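In: below is the structure, and that's it, no one-letter string:
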């Protein structure tokens, strides 16, 4: 009976040690994954800023093309410029906050 209890205790200890090792391995993996998530978030933010810049550049190119192509499009160009002025005003107000 005592030897059975000792064997059972040894199995429990061995399984506990295995569980502890797996826990530590998962903890390390979780740390690595958290770092990757943070890195990807930073990259996503960088790409969002680049996208915003490209959209703004595209808008400016469209405006330049419109200004040079046809005098009938003056109204549209004025609207685009007014929109840009509003965007600039928003940026200025955000900087002042």
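Out: Cool, got the structure. Note that the structure is a prediction, hence the values are computed from the model and not measured.

In: could you use CA atoms for every contact and neighbour count after this?
Out: OK.

In: name the spans of the chain whose pLDDT lies under the cut-off.
Out: Counting by pLDDT under 70, the chain contains low-confidence ranges at 64-75, 78.

In: for it, identify the residue most remote from the centre.
Out: residue 1 (60.7 Å; CA atoms, centre = their mean).

In: ok, so what distance separates it from residue 8?
Out: According to CA to CA, to the nearest Å, residue 1 and residue 8 sit 11 Å apart.

In: just list what the helix or strand where residue 77 lies packs against, helices and strands only.
Out: Element membership for residue 77, per DSSP states H and E: helix 74-96. Using 3 or more CA pairs under 8 Å, 6 or more residues apart in numbering; DSSP states H and E, the elements in contact with helix 74-96 are helix 2-69.

In: list the helices and strands the helix it packs on packs on?
Out: On a contact count with 3+ CA pairs under 8 Å, 6+ apart, helix 2-69 meets helix 74-96.

In: quick check: buried residues in the helix it packs on?
Out: Within helix 74-96, the residues scored as buried using 16 or more other CA atoms under 10 Å are 77, 80.

In: residues touching residue 41, list them.
Out: Not one residue lies near residue 41 by CA atoms under 8 Å, 6 or more residues apart in numbering.

In: going forward, begin numbering at 235 instead of 1
Out: Sounds good: first residue 235 from here, last item residue 275.

In: how close does it sit to residue 281?
Out: Shown here: residue 275 relative to residue 281, a distance of 10 Å by CA to CA.

In: next: residue 248.
Out: According to CA to CA, residue 248 and residue 281 sit 49 Å apart.

In: give me the neighbour count for residue 280.
Out: 12 (other CA atoms under 10 Å).

In: should've said residue 248
Out: By the criterion of other CA under 10 Å, residue 248 has 12 neighbours.

In: now it: how far from residue 284?
Out: Note on residue 248: its distance to residue 284, by CA to CA, is 54 Å.
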